[in-house]
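Colleague: predicted model and sequence below, questions to follow.
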Amino acid sequence: MPKLAATLALVSTLAAAQATGTLRVRVVLTDASGVATPVPRLVLLVSDEPPTAEPRRVRTAADGTVELKVAPGTYVVELDEPIAFRGKAYTWTQIVEVRAGSETVLDLTAGNAESAESARLSADSATLLTAWRDSVVEIWTPTRHAAGFVIDAARGLVATSQLAVGTATSVEVQLTSGTERIKVQGRVVVSERESGAAVVWIDPETIRSTRAIDPGCAGGSFTVPAYKDIITTITASMFGGKEVSDGAVTRVTTQAIFSEVRIGSDSAGGPVFAKSGALAGIGAIDDKQDVRRWNEAWVIPIERACGAIATALQKTTGVTPPPAARLPLEPIAAKTRALTIVKSGAAAKAPRSTAPRISAANFDLTFLTPTLARDLDADARGDFGTWTDYVRDADQVILVRVSPQFEESTWKMLARGAAATQGMALPPLKSFTANFAQLRAYCGDTEVMPIHPFIIEHQAPERPPVREGLYVFAIDAFGPQCSGVRFSMFSEKDPKNADTKAIDPKLFEQLNKP
């Protein structure tokens, strides 16, 4: 009997499967350049014909598709609300026949769409992100994180804004292709303050299969958004993924397009698109704006960047490209951070952990985990400049902060002595010994590559800025597996001679304890 029951159940299951069919709906629209783009997050209504119940509400996925298991029969598929795309409003009402045991595919395109007078919803931003997500990259400079976008995959060229890269000549370029993350060295080949554009060169093989966003310089035909037009940029923030930001144009000049688009301080340099989907320019923010919030953006018209792109093409012809070697990345866990609940009582009064600090000849080394760093909020060392957000959101890394030591020179000491004879008691007049330039780390005799070689800059009135190092390493880069650990610091004043300090590997075991 049990075997008979199981057989009957299997037959019943097979019969039910054969009594249903699969309806697969794909929504794909084509822009002016001929690029077919799936439309995500569209609400469709699916009802049987003649209707026997309320329509099913379904939503298209990131690839513009939705799949349903339905009984054989005739169905009506329609759009919940008309949608705007590249200046036109579309809607659909399609009748489709679904047969038992088979898959029926319904393509909703501009060809079978009905024109609508207007549309409250827009597919422009969603389709732009779908089409160009992998073409937008992250750019890490020593002092800032920014965005950029591939403009010539065969040559390995990436466009960004000049303010995003600043004075950097070498940067790190991070790309995504599906779920794969890649980071390689980039060389800043052009950086023009006049036009506001910059071009970074990376190994062409790294982005050979990436779709380039055509700046249109060869054809000489450019799209210039008008007053009140909606423009869209794609941003790439630290740990936050890629997103779109829309806004209306507020003013247009020959040098810039001003708009209500908001760009995070770590996301300037991405592509900006007109309503038609054509590339309009490069997103930028003023480097004097607050670097720890979202800022009002201005746009470098792509026409102004064409000169920089032409120069980059010349400079990269017949020259060996930057290395293709993959650079270290943060672990995936860096994208999330657990919520810590602090209870009242003794636990709330527990003393904060102390970050180990060791002095070399000219520099002080402070060893931190992100948790320790976040505990320094009330301390002067808790200010990480433009990298404060990175330290707040990072996880599973070791941070090594390299600070110049301060000293009182002989002449200043004599000046204090002279002032004392006149009845004036002056405090010690201190200045830093030498600005930080570079750190090299070793586990035994093997050099350890950092995930990031950051620089923290402190501006001082009537003085040159003080520069500290903030080097990020993998959480397990140092420890008992190392026969010894040492750090060599180099200063701007004496870049050839190292200030080397040996560190007990046990220190890193203590840092990694919960």
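Modeller: Happy to help now that I have it.
Colleague: where do the strands sit along the stretch 401-514 of the chain?
Modeller: 406-407, 431-432, 436-443, 446-448, 452-460, 463-474, 485-491, 499-503 (DSSP state E, counting those that start in this stretch).
Colleague: least confident of the ones you listed, on average?
Modeller: Lowest mean pLDDT of the strands of the stretch 401-514 of the chain: strand 431-432, a mean of 56.
Colleague: now do the end-to-end distance for stretch 312-332.
Modeller: Stretch 312-332 has an end-to-end distance of 34 Å (criterion: Cα to Cα, to the nearest Å).
Colleague: and that stretch, how far out from the chain middle?
Modeller: Computed by Cα atoms, centre = their mean, to the nearest Å, the chain-centroid distance of stretch 312-332 equals 18 Å.
Colleague: can you check stretch 150-161 too?
Modeller: That offset, for stretch 150-161, works out to 16 Å (Cα atoms, centre = their mean).
Colleague: just the buried positions in that stretch, please.
Modeller: 150-153, 155-161 (16 or more other Cβ atoms under 10 Å). To be clear about C-beta, it is placed using only N, CA and C from the backbone, and glycine gets the same treatment.
Colleague: equivalent analysis for stretch 488-506, please.
Modeller: Neighbour-count burial for stretch 488-506, counted by 16+ other Cβ under 10 Å, picks out 488-491, 498-499, 501, 503, 505.
Colleague: can you check stretch 179-192 too?
Modeller: Under 16+ other Cβ under 10 Å, the buried positions of stretch 179-192 are 182-192.
Colleague: winner for burial among the strands of the stretch 401-514 of the chain?
Modeller: strand 485-491 (a mean of 21; mean count of other Cβ atoms under 10 Å).
Colleague: coming back round to it: now, which of the buried residues of stretch 179-192 sits nearest Pro356?
Modeller: Closest to Pro356 out of those is Lys183 (28.5 Å), distances taken as Cβ to Cβ.
Colleague: any idea how far that closest one is from Gln174?
Modeller: For Lys183, the distance to Gln174 equals 4 Å [Cβ to Cβ, to the nearest Å].
Colleague: now Pro328
Modeller: 11 Å.
Colleague: so these two - more neighbours on which side?
Modeller: Using other Cβ atoms under 10 Å as the criterion, Pro328 and Gln174 rank with Gln174 on top: 21 against 16.
Colleague: give me the three-state assignment for Ala62.
Modeller: What DSSP: H, G, I helix; E, B strand; the rest coil gives for Ala62 is coil.
Colleague: what pLDDT does Leu14 get?
Modeller: 42.
Colleague: ignore what I typed, I meant Ala419.
Modeller: Looking at Ala419, the pLDDT reads 59.
Colleague: related to what we said a few turns ago, closest one to Arg208 out of the buried residues of stretch 488-506, please.
Modeller: Distances from Arg208 to the buried residues of stretch 488-506, taken by Cβ to Cβ, are shortest for Phe490, at 36.0 Å.
Colleague: helix or strand for Gly220, which one?
Modeller: Using DSSP states H and E, Gly220 sits within no helix or strand.
Colleague: and what of Gln314?
Modeller: Going by DSSP H and E, Gln314 is part of helix 302-315.
Colleague: sorry, back to before: narrow the buried residues of stretch 150-161 to those in strands?
Modeller: Among the buried residues of stretch 150-161, the members found in strands (DSSP state E) are 150-152, 157-161.
Colleague: which two in these are spaced the farthest apart?
Modeller: Taking Cβ to Cβ, no two of those sit farther apart than Asp152 and Ser161, at 17.4 Å.
Colleague: quick one, helices of the stretch 301-450 of the chain?
Modeller: Counting by DSSP state H, counting those that start in this stretch, the stretch 301-450 of the chain has helices at residues 302-315, 370-374, 388-393, 410-421.
Colleague: so how far is Asp152 from the nearest residue to Ala441 once chain neighbours are set aside?
Modeller: Spatial nearest neighbour of Ala441, excluding adjacent residues (Cβ to Cβ, 6 or more residues apart in numbering): Val448 at 4.6 Å. In this view, Val448 and Asp152 are 34 Å apart by Cβ to Cβ.
Colleague: one more: Ser221?
Modeller: Ser221 is 18 Å from Asp152, by Cβ to Cβ.
Colleague: could you do Gly270 as well?
Modeller: Applying Cβ to Cβ to Gly270 and Asp152 gives a distance of 17 Å.
Colleague: same question, Gly281
Modeller: 17 Å.
Colleague: shaky segments in the chain?
Modeller: Flagging of the chain using pLDDT under 70 yields the residue ranges 1-18, 32-33, 287-296, 333-353, 377-381, 406-433, 460-463, 513-514.
Colleague: before we move on, the earlier item: okay if I get the strands of the stretch 401-514 of the chain as a markdown table plus distance to Phe258?
Modeller: A markdown table is the format used below for the strands of the stretch 401-514 of the chain (distance: least, Cβ to Cβ, whole Å):
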| stretch | distance to Phe258 |
| --- | --- |
| strand 406-407 | 43 |
| strand 431-432 | 40 |
| strand 436-443 | 38 |
| strand 446-448 | 45 |
| strand 452-460 | 27 |
| strand 463-474 | 30 |
| strand 485-491 | 42 |
| strand 499-503 | 48 |
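Colleague: I'd say Pro450 and Glu330 touch.
Modeller: No: contact criterion Cβ atoms under 8 Å: Pro450 and Glu330 do not qualify, at 11.2 Å.
Colleague: now do the contacts for the nearest residue to Ser177 once chain neighbours are set aside.
Modeller: If the residues on either side of it in the chain are set aside, Ser177 comes closest to Asp134, at 5.5 Å by Cβ to Cβ, 6+ apart. Residues in contact with Asp134, defined by Cβ atoms under 8 Å, 6 or more residues apart in numbering, are 175-178, 210-211.
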